[in-house]
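**Q** Give me the fold of what follows.
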Amino acid sequence: MKALTIWQPWATLIIRGIKPVENRHWLPKPYQLLPGDPLLIHAGKKVDPDAAPFLLSIGFTWPDLNALFEDMPAGAILGLVTYAGACWAAGERCDCGRFAATDQYHWQCAQPRPLAEPISCRGAQGLWRVPADLTAAVQREVARA
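**A** All right, here's what the predicted structure looks like:
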């Protein structure tokens, strides 16, 4: 199974179903990931310093942000989504919603399934293959959730 490491709070927002796209400057190659494939969401250890101002600009409030930032696992697999494909918005907005950035690919993350408990592990840049023991642990956790 493949995973994508994402800075916080974006990983948490994706796995909670609030952020339906992940913005990237690149697409997965067809041999790496196809629409319909499962994709594990791994929360990196970094927090995006621009996240709070952006979230405030689109209508989040401080009580909500405080709760979000207090409950952000790091260095762990949070759950999985179904990769539903991607689109490109060159210099303009598309229909991918308020989290879609211009001049980037919007990886569409459908059917988010959070784990009952995050699974601690190291992440990596790009798409990375999850070791078999972690894949089995994720599958057990998804079945429990």
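
**Q** Any buried residues in the longest helix belonging to the chain, and which?
**A** For the chain, the longest helix by residue count, based on DSSP state H, is helix 132-144. Using 16 or more other C-beta atoms under 10 Å as the test for burial, helix 132-144 gives 134-135, 137-138, 141-142. No exception for glycine: its C-beta is placed from N, CA and C like everyone else's.

**Q** Note down every partner strand of the longest strand seen in the chain and its orientation.
**A** Secondary structure assigned by DSSP state E gives strand 105-120 as the longest strand of the chain. Partner strands and pairing direction for strand 105-120 (DSSP bridges) are strand 21-24 (antiparallel), strand 76-88 (antiparallel).

**Q** For residue 32, find the nearest of those.
**A** Residue 32 lies closest to strand 76-88 among the strands paired with strand 105-120, at 9.9 Å (C-beta to C-beta).

**Q** okay, the angle between that closest one and helix 132-144?
**A** Strand 76-88 and helix 132-144 are oriented at 90 degrees to each other (axes from the mean of the first three to the mean of the last three C-alpha atoms, to 10 degrees).

**Q** Sort out which residues of strand 76-88 are buried, please.
**A** By 16+ other C-beta under 10 Å, the buried positions in strand 76-88 come out as 76-81, 83-84, 86.

**Q** do the same with stretch 27-43
**A** Across stretch 27-43, burial judged by 16+ other C-beta under 10 Å covers 28, 33, 38-43.

**Q** who's in contact with the residue sitting furthest away from the middle of the chain?
**A** When each C-alpha in the chain is compared with the mean C-alpha position (C-alpha atoms, centre = their mean), residue 91 comes out farthest, at 23.1 Å. By C-beta atoms under 8 Å, 6 or more residues apart in numbering, residue 91 lies in contact with 102-103.

**Q** that's a strand at it, yeah?
**A** No: using DSSP: H, G, I helix; E, B strand; the rest coil, the assignment for residue 91 is coil, not a strand.

**Q** sorry, back to before: now the strands paired with strand 105-120 as JSON lines including mean pLDDT and distance to residue 98?
**A** Below are the strands paired with strand 105-120 laid out as JSON lines (pLDDT from 0 to 100; distance: least, C-beta to C-beta, whole Å):
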{"stretch": "strand 21-24", "mean pLDDT": "96", "distance to residue 98": "10"}
{"stretch": "strand 76-88", "mean pLDDT": "95", "distance to residue 98": "15"}
